[in-house]
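In: Just need the structure, nothing else, for what follows:
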Amino acid sequence: MSDVLDEHEQGEKVRKWLHENGSSILIGLALGAAAILGVGKYQEMRGARYAEASDKYVALTEAIEKKDDAAIKALSDSMRTTYAKSPYSVLAAIDESARLTADGKLDDAAKALAFARDNSGTMPELGQLAAIRLARLQLAQDKPDDALKSIAGVTNKGYQALAAEIRGDALFAQKKYKEAQAAYDDSLTHFDATSPRRTIVEMKRDDLATIAEGT
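Out: Now for the predicted structure:
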């Protein structure tokens, strides 16, 4: 199986992992913190907090399914302010960004993704997923410089192909055609031969070939 997944697949993979391992995460946190602070102190400071964050995220997903905008906003705001360092708050911000993007609120969507990128804590995969999505959004806003900065820290193997493709798109927007072509070539080295995304990147690279030769 290819190590390369698109953003949706990566997000669903993380959600499934959290669902299946949420209890293990809490137990591991409890054991580690209990050794330092004592079981009672940990339960007071962290255990209940992570459980609450999980419950809030479940409530948020239900609100999204029901399209309850008021509940979505309230729960999203609560998770960012009260549970900022939990993986659930990061997932909530990523989900919120998708809703805001669909509503055309691109600046707010970018803020949500920036929050997710900067608060991923012990799950850097989530932060890099947010960085990828933020860079795509910045390209849609005609901000290639910002897009390049957003993907600069993406090192996860599963995201290398996407990051290189975005780098190519940003460089193309900057009219740096030869560099863009090289970025697309780099992207193709990471995509599986059967990936549908590979065909798209090949088309971008081939379309650039003539332009790059003339520069």
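In: CA only for contacts and neighbour counts going forward, please
Out: Fine.
In: give me the element Ala112 is part of.
Out: helix 106-118 (DSSP states H and E).
In: just how off-centre is that helix within its chain?
Out: 10 Å (Cα atoms, centre = their mean, to the nearest Å).
In: just for this structure, where's the confidence low?
Out: Counting by pLDDT under 70, the chain shows low-confidence ranges at 1-49, 122, 212-215.
In: can I see the domain layout of it?
Out: 1-141, 146-215 (automatic domain parsing).
In: hang on, the earlier thing: in whichever helix or strand comes after the helix holding Ala112, what counts as buried?
Out: Following helix 106-118 in sequence order, the next helix or strand is helix 124-140 (DSSP H and E). Of the residues in helix 124-140, 124-139 count as buried by neighbour count, 16 or more other Cα atoms under 10 Å.
In: What is the burial count for Ala209?
Out: 14 (other Cα atoms under 10 Å).
In: What separation is there between it and Glu179?
Out: 11 Å (Cα to Cα, to the nearest Å).
In: Then Asp68?
Out: Taking Cα to Cα, one finds Asp68 at 45 Å from Glu179.
In: Which one's more surrounded, the two?
Out: Glu179 (17 against 12).
In: My understanding was that the more buried one contacts Arg167; is that so?
Out: No: Glu179 sits out of contact with Arg167 when judged by Cα atoms under 8 Å, with a separation of 9.1 Å.
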